[in-house]
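Trainee: Kindly return the folded structure for what I paste below:
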Amino acid sequence: MSAAGYPYLVVRLGACAYKREKIDIGIGPAEVVIAPNKSRVRHPEPFDAEGAITPDCRKLMVDSVQQEVRRRWFRMCIVWAPDACSYCEHHSIEESDKPPSGGIL
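Mentor: So this is what the prediction gives:
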């Protein structure tokens, strides 16, 4: 995980019920695993010089989370920073400056 605990994944389990999941990010061949308490990302260059997620790694993560949304039918959101997130829906990705709040278990 990068500085200050970002990014992390929020999984919507039901109305007003959300679960926050840690995402372990490391260097390696491109791979994403989204699983309860075991989410991880491996990428040849996951971070830039300032410690931010690189655009290629970010795309890999968003695409993989959207695939998981389609498979599991739970809405998910990747929270990149206090004011940046990607809501992953079945048919769309919405970038926002308002991460989910409240209801997190």
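Trainee: mind showing which ranges of this protein have poor pLDDT?
Mentor: Applying pLDDT under 70 to the chain flags residues 1-3, 102-105.
Trainee: Quick one: the helices in it, in order.
Mentor: 55-72 (DSSP state H).
Trainee: Name the nearest residue to the residue nearest the centre of the chain, ignoring sequence neighbours.
Mentor: Residue closest to the mean C-alpha point of the chain, counted by Cα atoms, centre = their mean, is I78 at 3.1 Å. Excluding the flanking residues, the one nearest I78 by Cβ to Cβ, 6 or more residues apart in numbering is S86, at 4.7 Å. For glycine as for every other residue, the C-beta is placed from the backbone atoms N, C-alpha and C.
Trainee: got a list of what that neighbour touches?
Mentor: 62, 65, 77-78, 80, 93-96 (Cβ atoms under 8 Å, 6 or more residues apart in numbering).
Trainee: so D56 sits right up against F47, yeah?
Mentor: No - under the criterion of Cβ atoms under 8 Å, D56 makes no contact with F47, lying 11.2 Å away.
Trainee: ok, back up a step: tell me what the residue nearest to the centre of the chain is bridged to.
Mentor: Note on I78: beta-bridge partners by DSSP bridges are L9, S86.
Trainee: these two touch, right, it and V65?
Mentor: Yes - using Cβ under 8 Å, I78 makes contact with V65 at a distance of 5.9 Å.
Trainee: quick one, strands of this protein?
Mentor: Here the chain has its strands, by DSSP state E, at 8-14, 17-22, 24-27, 31-33, 40-43, 76-81, 84-88, 93-96.
Trainee: picking that back up, now for the contacts of S86: which two are most distant?
Mentor: For those, with distances taken as Cβ to Cβ, the pair at the greatest spread is V65 and S96 (14.4 Å).
Trainee: Report the spatially nearest residue to P36, omitting neighbours in sequence.
Mentor: Per Cβ to Cβ, 6+ apart, closest to P36 is E21, 7.0 Å.
Trainee: ok, the one you found to L9 distance?
Mentor: E21 sits 4 Å away from L9, going by Cβ to Cβ, to the nearest Å.
Trainee: Show me whatever sits in contact with both of the two.
Mentor: Taking Cβ under 8 Å, 6+ apart as the contact rule, E21 and L9 both touch S39.
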